[in-house]
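>>> What would the 3D arrangement of this be:
(chains A and B)
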Amino acid sequence: MSDSSLPDRFTCEQAFARVFEFLDRELGPEEERLVLEHLAICEGCTRHFQFEGDLLKVIREKCAGTRAPEHLRRKISDLLDSL
Amino acid sequence: MSEIQGERPAERGGEFIPSASGGSESRREFECLLDPLLDSLYSAALRMARNAADAEDLVQDTVVKAYRFFHTFERGTNFKAWLFRIMTNLYINQYHRQSRQGERVELDEGEDVWIWAKAWAQVGSGSGYDPVETVLQKIQGEMIREAIDSLPPEFRVVVTLADVQEFSYEEIAQAMGIPVGTVKSRLFRGRKQVQKRLWSSLEEAGQS
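As a prediction, the model looks like this:
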(Lines give C-alpha, C1' and ligand atoms only; values in the text may rest on other atoms or scores of the structure.)
Protein backbone atom coordinates (compact mmCIF):
# COMPACT_ATOMS: atom_id res chain seq x y z
CA MET A 1 0.00 0.00 0.00
CA SER A 2 1.57 3.31 -0.99
CA ASP A 3 0.48 6.66 0.30
CA SER A 4 0.78 9.40 -2.30
CA SER A 5 0.76 12.13 0.37
CA LEU A 6 4.15 10.91 1.61
CA PRO A 7 7.47 12.18 0.21
CA ASP A 8 10.21 9.91 -1.17
CA ARG A 9 12.29 10.51 1.91
CA PHE A 10 11.91 12.20 5.30
CA THR A 11 13.82 15.22 6.53
CA CYS A 12 14.96 15.27 10.18
CA GLU A 13 11.84 17.30 11.07
CA GLN A 14 9.48 14.91 9.30
CA ALA A 15 11.13 11.93 10.99
CA PHE A 16 11.06 13.53 14.43
CA ALA A 17 7.39 14.51 14.09
CA ARG A 18 6.76 10.72 14.13
CA VAL A 19 9.23 9.78 16.87
CA PHE A 20 6.62 8.61 19.40
CA GLU A 21 4.49 6.74 16.90
CA PHE A 22 7.67 5.04 15.73
CA LEU A 23 8.80 4.11 19.26
CA ASP A 24 5.29 3.00 20.21
CA ARG A 25 5.20 0.84 17.05
CA GLU A 26 2.08 2.61 15.88
CA LEU A 27 3.28 3.83 12.45
CA GLY A 28 1.90 2.38 9.25
CA PRO A 29 4.37 0.26 7.24
CA GLU A 30 5.06 2.98 4.66
CA GLU A 31 5.88 5.67 7.21
CA GLU A 32 7.84 3.25 9.34
CA ARG A 33 9.99 2.39 6.32
CA LEU A 34 10.60 6.10 5.64
CA VAL A 35 11.64 6.71 9.26
CA LEU A 36 13.97 3.70 9.21
CA GLU A 37 15.52 4.90 5.94
CA HIS A 38 16.10 8.31 7.47
CA LEU A 39 17.65 6.83 10.60
CA ALA A 40 19.99 4.71 8.47
CA ILE A 41 21.58 7.85 7.03
CA CYS A 42 21.28 10.27 10.00
CA GLU A 43 23.37 9.60 13.07
CA GLY A 44 22.02 12.62 14.96
CA CYS A 45 18.42 11.46 14.66
CA THR A 46 19.39 7.88 15.49
CA ARG A 47 20.88 9.02 18.79
CA HIS A 48 18.00 11.36 19.49
CA PHE A 49 15.45 8.59 18.84
CA GLN A 50 17.47 6.27 21.07
CA PHE A 51 17.34 8.86 23.85
CA GLU A 52 13.58 9.37 23.52
CA GLY A 53 13.11 5.60 23.76
CA ASP A 54 15.35 5.40 26.84
CA LEU A 55 13.47 8.27 28.47
CA LEU A 56 10.10 6.55 27.91
CA LYS A 57 11.57 3.42 29.48
CA VAL A 58 12.70 5.39 32.55
CA ILE A 59 9.24 6.95 32.88
CA ARG A 60 7.57 3.53 32.67
CA GLU A 61 9.94 1.95 35.18
CA LYS A 62 9.55 4.75 37.69
CA CYS A 63 5.76 4.81 37.43
CA ALA A 64 5.24 1.06 37.43
CA GLY A 65 4.69 -1.06 40.49
CA THR A 66 2.14 1.03 42.37
CA ARG A 67 -0.07 -1.42 44.23
CA ALA A 68 -3.65 -0.94 45.30
CA PRO A 69 -3.66 -0.60 49.11
CA GLU A 70 -4.92 -3.60 51.07
CA HIS A 71 -7.73 -1.61 52.73
CA LEU A 72 -9.03 -0.65 49.27
CA ARG A 73 -9.16 -4.30 48.24
CA ARG A 74 -11.13 -5.09 51.40
CA LYS A 75 -13.47 -2.14 50.85
CA ILE A 76 -14.18 -3.27 47.32
CA SER A 77 -14.93 -6.78 48.45
CA ASP A 78 -17.35 -5.40 51.10
CA LEU A 79 -18.96 -3.13 48.50
CA LEU A 80 -19.58 -6.05 46.17
CA ASP A 81 -21.14 -7.97 49.09
CA SER A 82 -23.53 -5.09 49.71
CA LEU A 83 -24.74 -4.76 46.09
CA MET B 1 1.31 -4.59 20.34
CA SER B 2 -1.99 -5.63 21.71
CA GLU B 3 -3.88 -8.85 21.34
CA ILE B 4 -7.17 -7.04 21.60
CA GLN B 5 -6.81 -4.22 19.10
CA GLY B 6 -9.81 -3.47 16.96
CA GLU B 7 -12.35 -4.62 19.49
CA ARG B 8 -14.73 -2.32 21.16
CA PRO B 9 -15.90 -2.21 24.74
CA ALA B 10 -19.48 -3.33 24.98
CA GLU B 11 -20.42 -0.29 27.00
CA ARG B 12 -20.30 3.12 25.35
CA GLY B 13 -20.48 6.62 26.75
CA GLY B 14 -22.17 5.72 29.99
CA GLU B 15 -25.44 4.81 28.30
CA PHE B 16 -26.42 2.25 30.85
CA ILE B 17 -29.69 0.58 31.54
CA PRO B 18 -29.71 0.05 35.27
CA SER B 19 -30.54 -3.38 36.50
CA ALA B 20 -29.42 -5.61 39.30
CA SER B 21 -26.70 -8.06 38.40
CA GLY B 22 -27.20 -11.16 40.40
CA GLY B 23 -25.87 -14.55 41.14
CA SER B 24 -22.77 -15.69 42.92
CA GLU B 25 -21.44 -17.01 39.63
CA SER B 26 -21.35 -13.63 37.96
CA ARG B 27 -19.84 -12.17 41.14
CA ARG B 28 -17.06 -14.75 40.97
CA GLU B 29 -16.49 -14.09 37.29
CA PHE B 30 -16.40 -10.34 37.88
CA GLU B 31 -13.85 -10.68 40.67
CA CYS B 32 -11.67 -13.00 38.59
CA LEU B 33 -11.52 -10.40 35.82
CA LEU B 34 -11.10 -7.45 38.19
CA ASP B 35 -8.48 -8.83 40.54
CA PRO B 36 -5.46 -8.83 38.19
CA LEU B 37 -6.35 -5.30 37.01
CA LEU B 38 -6.83 -3.65 40.39
CA ASP B 39 -3.21 -2.49 40.81
CA SER B 40 -3.13 -0.91 37.39
CA LEU B 41 -6.61 0.59 37.85
CA TYR B 42 -5.43 2.16 41.11
CA SER B 43 -2.16 3.49 39.70
CA ALA B 44 -4.01 5.05 36.74
CA ALA B 45 -6.56 6.54 39.17
CA LEU B 46 -3.72 7.99 41.21
CA ARG B 47 -2.32 9.84 38.18
CA MET B 48 -5.81 11.07 37.25
CA ALA B 49 -7.01 12.15 40.68
CA ARG B 50 -3.52 13.05 41.94
CA ASN B 51 -4.10 12.07 45.55
CA ALA B 52 -4.70 8.76 47.29
CA ALA B 53 -8.11 9.53 48.82
CA ASP B 54 -9.68 10.69 45.55
CA ALA B 55 -8.00 7.84 43.66
CA GLU B 56 -9.57 5.31 46.03
CA ASP B 57 -12.99 6.92 45.58
CA LEU B 58 -12.57 6.83 41.82
CA VAL B 59 -11.62 3.15 41.85
CA GLN B 60 -14.57 2.30 44.10
CA ASP B 61 -17.05 4.23 41.94
CA THR B 62 -15.63 2.49 38.87
CA VAL B 63 -15.92 -0.97 40.40
CA VAL B 64 -19.49 -0.37 41.58
CA LYS B 65 -20.56 0.93 38.18
CA ALA B 66 -18.79 -1.88 36.35
CA TYR B 67 -20.41 -4.50 38.59
CA ARG B 68 -23.88 -3.00 38.17
CA PHE B 69 -23.50 -3.11 34.40
CA PHE B 70 -21.46 -6.27 34.17
CA HIS B 71 -24.34 -7.94 32.32
CA THR B 72 -23.77 -5.47 29.45
CA PHE B 73 -20.13 -6.52 29.13
CA GLU B 74 -19.74 -8.65 26.02
CA ARG B 75 -17.97 -11.81 27.10
CA GLY B 76 -14.74 -12.46 25.25
CA THR B 77 -14.08 -8.78 24.48
CA ASN B 78 -11.51 -6.62 26.20
CA PHE B 79 -12.51 -6.30 29.87
CA LYS B 80 -9.56 -4.01 30.62
CA ALA B 81 -10.62 -1.48 27.94
CA TRP B 82 -14.23 -1.72 29.14
CA LEU B 83 -13.26 -1.11 32.77
CA PHE B 84 -10.88 1.74 32.00
CA ARG B 85 -13.51 3.32 29.79
CA ILE B 86 -15.88 3.43 32.76
CA MET B 87 -13.20 4.99 34.95
CA THR B 88 -12.15 7.53 32.32
CA ASN B 89 -15.76 8.60 31.82
CA LEU B 90 -16.32 8.97 35.54
CA TYR B 91 -13.13 10.94 35.97
CA ILE B 92 -13.68 13.29 33.02
CA ASN B 93 -17.30 13.99 33.99
CA GLN B 94 -16.25 14.63 37.57
CA TYR B 95 -13.49 16.94 36.42
CA HIS B 96 -15.81 18.94 34.19
CA ARG B 97 -18.30 19.33 37.03
CA GLN B 98 -15.55 20.64 39.30
CA SER B 99 -13.88 22.84 36.70
CA ARG B 100 -17.09 24.80 36.16
CA GLN B 101 -16.60 25.99 39.72
CA GLY B 102 -12.83 26.27 39.75
CA GLU B 103 -9.75 26.81 37.63
CA ARG B 104 -9.03 25.18 34.31
CA VAL B 105 -5.53 24.04 33.46
CA GLU B 106 -4.28 24.78 29.96
CA LEU B 107 -1.38 23.15 28.19
CA ASP B 108 1.75 25.29 28.28
CA GLU B 109 2.36 25.78 24.55
CA GLY B 110 5.29 28.19 24.88
CA GLU B 111 8.85 27.38 23.95
CA ASP B 112 9.61 23.74 23.01
CA VAL B 113 11.94 22.00 25.43
CA TRP B 114 13.50 18.70 24.41
CA ILE B 115 15.79 17.31 27.11
CA TRP B 116 18.13 15.81 24.53
CA ALA B 117 18.76 19.15 22.85
CA LYS B 118 19.03 21.01 26.17
CA ALA B 119 21.52 18.52 27.60
CA TRP B 120 23.74 18.77 24.53
CA ALA B 121 23.48 22.55 24.46
CA GLN B 122 24.75 22.60 28.02
CA VAL B 123 27.94 20.63 27.40
CA GLY B 124 28.61 21.84 23.84
CA SER B 125 28.50 19.40 20.95
CA GLY B 126 32.28 19.30 20.49
CA SER B 127 33.02 18.19 24.04
CA GLY B 128 33.20 14.46 23.33
CA TYR B 129 31.25 13.89 26.55
CA ASP B 130 27.80 12.35 26.20
CA PRO B 131 25.50 14.12 28.70
CA VAL B 132 22.30 12.17 28.11
CA GLU B 133 23.17 9.06 30.10
CA THR B 134 23.81 11.22 33.17
CA VAL B 135 20.53 13.05 32.63
CA LEU B 136 18.55 9.81 32.57
CA GLN B 137 20.13 8.72 35.85
CA LYS B 138 19.15 11.97 37.54
CA ILE B 139 15.46 11.62 36.78
CA GLN B 140 13.52 10.67 39.91
CA GLY B 141 10.08 9.11 40.17
CA GLU B 142 8.82 12.17 42.02
CA MET B 143 9.87 14.47 39.16
CA ILE B 144 7.98 12.30 36.67
CA ARG B 145 4.84 12.24 38.81
CA GLU B 146 4.94 16.02 39.20
CA ALA B 147 5.41 16.48 35.47
CA ILE B 148 2.47 14.22 34.58
CA ASP B 149 0.32 15.79 37.31
CA SER B 150 0.90 19.23 35.78
CA LEU B 151 -0.85 18.27 32.53
CA PRO B 152 -4.44 19.29 31.79
CA PRO B 153 -6.70 16.27 32.42
CA GLU B 154 -7.38 15.30 28.81
CA PHE B 155 -3.61 15.13 28.22
CA ARG B 156 -2.89 13.55 31.61
CA VAL B 157 -5.24 10.67 30.90
CA VAL B 158 -3.69 9.96 27.48
CA VAL B 159 -0.11 10.09 28.83
CA THR B 160 -1.05 7.94 31.83
CA LEU B 161 -2.72 5.26 29.73
CA ALA B 162 0.19 5.20 27.25
CA ASP B 163 3.15 5.51 29.60
CA VAL B 164 1.96 4.04 32.87
CA GLN B 165 -0.48 1.42 31.56
CA GLU B 166 1.11 0.73 28.16
CA PHE B 167 -2.19 0.87 26.31
CA SER B 168 -2.11 0.86 22.50
CA TYR B 169 -3.39 3.98 20.72
CA GLU B 170 -6.52 2.06 19.76
CA GLU B 171 -7.18 1.10 23.39
CA ILE B 172 -6.70 4.71 24.51
CA ALA B 173 -9.10 5.87 21.79
CA GLN B 174 -11.65 3.33 23.05
CA ALA B 175 -11.13 4.19 26.70
CA MET B 176 -11.63 7.90 26.03
CA GLY B 177 -14.08 7.80 23.18
CA ILE B 178 -11.86 9.93 20.90
CA PRO B 179 -10.31 9.27 17.44
CA VAL B 180 -6.84 7.70 17.21
CA GLY B 181 -5.58 10.89 15.52
CA THR B 182 -6.51 12.86 18.64
CA VAL B 183 -4.69 10.30 20.79
CA LYS B 184 -1.53 10.82 18.70
CA SER B 185 -1.58 14.59 18.90
CA ARG B 186 -2.39 14.68 22.64
CA LEU B 187 0.34 12.17 23.33
CA PHE B 188 2.92 14.15 21.37
CA ARG B 189 2.03 17.43 23.04
CA GLY B 190 1.59 15.84 26.46
CA ARG B 191 4.94 14.06 26.38
CA LYS B 192 6.59 17.26 25.17
CA GLN B 193 5.24 19.12 28.18
CA VAL B 194 6.34 16.31 30.50
CA GLN B 195 9.88 16.82 29.18
CA LYS B 196 9.67 20.54 29.70
CA ARG B 197 8.68 20.06 33.35
CA LEU B 198 11.29 17.36 33.84
CA TRP B 199 13.98 19.63 32.46
CA SER B 200 13.09 22.44 34.85
CA SER B 201 13.10 19.96 37.79
CA LEU B 202 16.51 18.71 36.65
CA GLU B 203 17.82 22.25 36.49
CA GLU B 204 16.49 23.03 39.96
CA ALA B 205 18.02 19.85 41.34
CA GLY B 206 21.34 20.73 39.69
CA GLN B 207 21.41 24.12 41.34
CA SER B 208 20.66 23.05 44.87
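>>> Return the mean pLDDT over the longest helix seen in chain B, rounded to an integer.
Longest helix of chain B, by residue count under DSSP state H: helix B:180-207. For helix B:180-207, mean pLDDT is 93.
>>> buried set for that helix?
Neighbour-count burial for helix B:180-207 flags B:183-184, B:186-199, B:201-202 (criterion: 16 or more other CB atoms under 10 Å in any protein chain shown). From N, CA and C alone the C-beta is placed, and that goes for glycine too.
>>> go on, stretch B:135-147?
Applying 16+ other CB under 10 Å to stretch B:135-147 flags B:135, B:139, B:143-147 as buried.
>>> any residues touching it, and which ones?
Residues outside stretch B:135-147 that contact it (CB atoms under 8 Å, 6 or more residues apart in numbering or on different chains): A:51, A:54-55, A:58-59, A:62-63, B:47, B:115, B:119, B:193-195, B:197-198, B:201-202, B:205-206.
>>> Then stretch B:33-45?
Outside stretch B:33-45, the residues touching it (CB under 8 Å, 6+ apart) are A:63-64, A:66-69, A:72-73, A:76, B:55-56, B:58-59, B:62-63, B:66, B:79-80, B:83-84, B:87, B:91, B:160-161, B:164-165.
>>> Would you pull up how far it lies from the middle of the chain?
13 Å (CA atoms, centre = their mean, to the nearest Å).
>>> Report the buried residues of that stretch.
Across stretch B:33-45, burial judged by 16+ other CB under 10 Å covers B:33-34, B:37-38, B:40-45.
>>> circling back to that earlier point, quick one: which two of the buried residues of stretch B:135-147 are the most distant?
Of all pairs drawn from the buried residues of stretch B:135-147, the greatest distance, 17.9 Å, lies between B:135 and B:145 (CB to CB).
>>> The residue nearest the centre of chain B and chain A, how far apart?
Nearest to the geometric centre of chain B sits residue B:160, at 2.4 Å (CA atoms, centre = their mean). Between residue B:160 and chain A the distance is 8 Å, computed by CB to the nearest CB, to the nearest Å.
>>> any idea how far the nearest residue to that residue once chain neighbours are set aside lies from residue B:146?
Of all residues not flanking residue B:160 in the chain, residue B:47 sits nearest, at 4.2 Å (CB to CB, 6 or more residues apart in numbering or on different chains). Plainly put, residue B:47 is 11 Å away from residue B:146 if you go by CB to CB, to the nearest Å.
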